[in-house]
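Visitor: Sequence and computational prediction follow.
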Amino acid sequence: MIFNTPFLRFKTIFLLKSIIYKKKLEVRVIGENNPTQFGHEDLDKGYGRVQWDLRLKLKWREEKQCIVLSLLAGQLDEKQPALKIWHENELKKYGATAWHYFGFRKTLSAHLEPIGKEDELVKDFLGLLRTEISSYSDEFEVSTLSLPTLLYFSAYRNIEAIDSLERSITQPDKWGYYPVHHITAEGNSWTQSLDNQLVWLKWLDDGRFEKVIKLINEHIFKNEKKCLKGIRRVPPEAIVVVNDTEKHRLDRLSSGEKNLVQMFLRINVHRTLNTLILIDELDVHLHSIWQHGILRLLKTIVREHPRVTVIASTHSREILEAFPITIPEVGITKGGHLIDNKGVNH
């Protein structure tokens with residue numbers, strides 16, 4: 001399932017830092033000068049190879065072009081630098097006129113060496129990347145950013161109980177702009193927790209805390225006798241109120257509720273104007289009612305933010321029936337594939 005297509009500027013496309021995802025695969029090397037490892041076991045210890053092909057329209061050296069740019073990593077042969085070589089007839093199918101590639105290949109000595117770095121267009125990309133990064137400080141409003149970011153949600157999106165009672169108003173891990181956020185079940189440390197995110201937003205007092213509370217209560221707890229009330233002072237943590245009397249922590253929510261709170265709080269905090277959201281197993285731990293609810297909320301997000309794209313995998317017939325690709329919906333560009341148990345696309 002695919003919702004919308006974000007606009008990624010020529011100057012900022014490499015800020016994605018070569019996050020190449022194929023289901024749960026993550027590679028973080030593009031943009032680094034001298035990486036020593038890929039950060040993925042199959043690539044670092046095995047013979048894995050990855051290629052991400054991007055179709056880009058850009059203006060380069062005063063000339064408008066449409067190209068295919070491939071980001072590469074892994075056990076790639078020097079004579080065969082990519083898994084797929086884009087020939088002229090294939091480029092024409094997509095209206096492209098040229099193929100460029102860049103990445104890192106693992107040598108026999110386990111050293112990572114760049115491939116495609118001498119390409120003039122790639123060299124200009126890397127130069128613009130340095131200029132773009134140096135022109136921004138870390139202290140800017142996340143919601144106003146135009147830089148692209150990728151949010152990857154694994155299938156396991158639990159909210160863990162926090163072990164330590166030693167808590168303070170502390171900046172959460174990966175606060176501010178990051179090209180990529182890999183979001184799985186949160187750790188049980190204070191700085192990784194959703195409670196810390198909410199306490200920090202409350203302390204900043206810039207309006208985002210109230211927006212998050214409103215989002216969660218209106219879309220997740222709308223028809224339930226509970227609400228995300230606010231922050232307890234001692235110990236500092238978020239409080240959920242049930243039937244106007246009973247109070248409990250976020251980790252006491254049901255598995256489906258934790259799934260949704262984790263997802264939409266993180267999206268609201270880390271989203272920029274140009275965001276790609278990848279969700280593995282959208283329907284996991286969700287009752288059919290919740291499945292329709294999450295689909296409606298994702299549609300609302302892409303309608304309100306037209307440069308946000310959502311790509312999700314699902315096993316749910318209910319979601320597939322509620323998201324017919326051939327039926328147009330206002331404000332949404334649809335796409336996607338059905339894959340049967342033999343791995344064949346339909």
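Guide: Yep, it's here.

Visitor: As PDB, could you dump the C-alpha coordinates of the strand or helix carrying K92?
Guide: Taking DSSP states H and E as the definition, one finds K92 inside helix 88-93. The C-alpha trace of helix 88-93 is given here as PDB (Å, rounded to 0.1, in the frame of the first residue of the first chain):
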ATOM      1  CA  GLU A  88      19.000   2.700 -22.400                       C
ATOM      2  CA  ASN A  89      15.800   0.900 -23.300                       C
ATOM      3  CA  GLU A  90      14.900   0.400 -19.700                       C
ATOM      4  CA  LEU A  91      15.500   4.100 -18.900                       C
ATOM      5  CA  LYS A  92      13.200   5.100 -21.700                       C
ATOM      6  CA  LYS A  93      10.300   3.200 -20.100                       C
END
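
Visitor: Which element is encountered next along the chain beyond that helix?
Guide: strand 98-106.

Visitor: ok, the next helix or strand after that next one: who's next to it in the sheet?
Guide: Downstream of strand 98-106, the next assigned helix or strand under DSSP H and E is strand 112-115. Next to strand 112-115 in the sheet, as set by DSSP bridges, lie strand 98-106 (antiparallel).

Visitor: Quick check: mean pLDDT of the strand it pairs with?
Guide: The pLDDT scores in strand 98-106 average 90.

Visitor: Can I get that strand in PDB, CA atoms only?
Guide: In PDB, the C-alpha atoms belonging to strand 98-106 read as follows (Å, rounded to 0.1, in the frame of the first residue of the first chain):
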ATOM      1  CA  ALA A  98      20.800   8.600 -17.800                       C
ATOM      2  CA  TRP A  99      21.800   6.200 -15.000                       C
ATOM      3  CA  HIS A 100      24.000   7.300 -12.100                       C
ATOM      4  CA  TYR A 101      25.000   5.300  -9.000                       C
ATOM      5  CA  PHE A 102      26.800   5.600  -5.800                       C
ATOM      6  CA  GLY A 103      27.500   3.500  -2.700                       C
ATOM      7  CA  PHE A 104      30.000   1.300  -0.900                       C
ATOM      8  CA  ARG A 105      31.100  -2.200  -1.700                       C
ATOM      9  CA  LYS A 106      32.700  -4.700   0.600                       C
END
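
Visitor: Would you mark the buried spots in it?
Guide: 99-106 (16 or more other CB atoms under 10 Å). C-beta here means a position set from N, CA and C on the backbone, and glycine is covered the same way.

Visitor: Repeat that for stretch 234-244.
Guide: Within stretch 234-244, the residues that qualify as buried are 236-241, counting by 16+ other CB under 10 Å.

Visitor: Tabulate those (CSV), appending pLDDT, distance to I183 and secondary structure.
Guide: Listed next are the buried residues of stretch 234-244 as CSV, based on pLDDT from 0 to 100; distance: CB to CB, whole Å; DSSP: H, G, I helix; E, B strand; the rest coil:
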residue, pLDDT, distance to I183, secondary structure
P236, 89, 22, coil
E237, 89, 20, strand
A238, 90, 17, strand
I239, 91, 23, strand
V240, 92, 21, strand
V241, 91, 26, strand
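
Visitor: Kindly indicate which of those residues lies nearest P179.
Guide: Closest approach between these and P179, by CB to CB: A238, at 27.6 Å.

Visitor: so that closest one touches R249, yeah?
Guide: Yes: assessed by CB atoms under 8 Å, A238 is found in contact with R249 at 7.2 Å.

Visitor: H285: what's its closest spatial neighbour, skipping adjacent residues?
Guide: Nearest residue to H285 in three dimensions, chain neighbours excluded: S255, at 4.3 Å (CB to CB, 6 or more residues apart in numbering).

Visitor: How is the nearest residue to Q37 once chain neighbours are set aside classified with respect to secondary structure?
Guide: Excluding the flanking residues, the one nearest Q37 by CB to CB, 6+ apart is D44, at 5.0 Å. Following DSSP: H, G, I helix; E, B strand; the rest coil, we place D44 in the helix state.

Visitor: got it, and I277?
Guide: Per three-state DSSP, the local secondary structure of I277 is strand.

Visitor: isn't M263 right next to A155, touching?
Guide: No: using CB under 8 Å, M263 is not in contact with A155, being 11.5 Å away.

Visitor: Who does V180 form a beta bridge with?
Guide: L150.

Visitor: Count the residues that sit near it.
Guide: 20 (other CB atoms under 10 Å).

Visitor: before we move on, what about N158?
Guide: Neighbours around N158, by other CB under 10 Å: 14.

Visitor: what do you get for T149?
Guide: T149 has 23 neighbouring residues, counting by other CB under 10 Å.

Visitor: Need the nearest residue in space to it, chain neighbours excluded.
Guide: T272 (4.8 Å).
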